[in-house]
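Undergrad: with the sequence up front, the predicted model follows.
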Amino acid sequence: MNIFAGSLPYSIGEAELRQLFEAYGEVSSVKLISDRETGRSKGFGFVEMETQEEAEAAIRDFNGQTLGGRQIVVNASHAREREPGGGGGGRRPNRNE
C-alpha cells in the first residue's frame with residue numbers, strides 16, 4: 001500500500017523516514033520529492049508498505065503528529081487520474097524550429 005506523507009520537515013532524509021515507518025512493518029520503498037532545479041526537498045514524499053494492515057496502522061498513528069516542529073499529514077496515496085483529453089505526453093516544440 002502506498003502512503004502519502006506531507007508537511008515533512010525539509011531536513012528529513014529518506015533513511016530517517018524509512019526508519020520511522022519500519023516500526024509498523026516492512027517498507028518496500030521510500031521516495032522524497034525534491035525540486036528539480038535546486039534539489040531541495042519539497043516537504044512531502046511517498047512510503048510503500050508491504051501490507052495494508054501495517055500501512056493503516058502507520059497512517060492512524062502518524063497523521064497529525066508533530067515531527068521536527070511540523071504537524072505532518074499521512075494518508076493513503078491514490079494514483080492521480082489523468083484528465084480527459086490528455087495534456088502531457090509528446091515532446092515540446094523547440095522554439096527554434
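TA: Thanks, I have the structure now.

Undergrad: and the gap between the closest residue to Met49 other than its chain neighbours and Thr38?
TA: Excluding its sequence neighbours, the residue lying closest to Met49 (Cβ to Cβ, 6 or more residues apart in numbering) is Ala55, at 4.2 Å. For every residue, glycine as well, the C-beta is placed using N, CA and C. Relative to Thr38, Ala55 is positioned 31 Å away (criterion: Cβ to Cβ, to the nearest Å).

Undergrad: kindly report the same for Glu22.
TA: Using Cβ to Cβ, we find Glu22 at a distance of 29 Å from Thr38.

Undergrad: of those two, which one has the most company?
TA: Glu22 (15 against 8; other Cβ atoms under 10 Å).

Undergrad: per-residue confidence for the more buried one?
TA: On the pLDDT scale, Glu22 is placed at 98.

Undergrad: who's in contact with it?
TA: Listed by Cβ atoms under 8 Å, 6 or more residues apart in numbering, the contact set of Glu22 is empty.

Undergrad: flag every buried residue along stretch 52-61.
TA: Neighbour-count burial for stretch 52-61, counted by 16 or more other Cβ atoms under 10 Å, picks out 54-55, 58-59.

Undergrad: mind listing residues that contact it?
TA: Applying Cβ under 8 Å, 6+ apart, the set of residues contacting stretch 52-61 from outside is 1, 3, 21, 23-26, 47, 49, 74-76.

Undergrad: using CSV, lay out those together with distance to Leu32.
TA: Formatted as CSV, the entries for the contacts of stretch 52-61 read as follows, by distance: Cβ to Cβ, whole Å:
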residue, distance to Leu32
Met1, 18
Ile3, 13
Phe21, 13
Ala23, 18
Tyr24, 18
Gly25, 20
Glu26, 19
Val47, 10
Met49, 16
Val74, 14
Asn75, 17
Ala76, 18
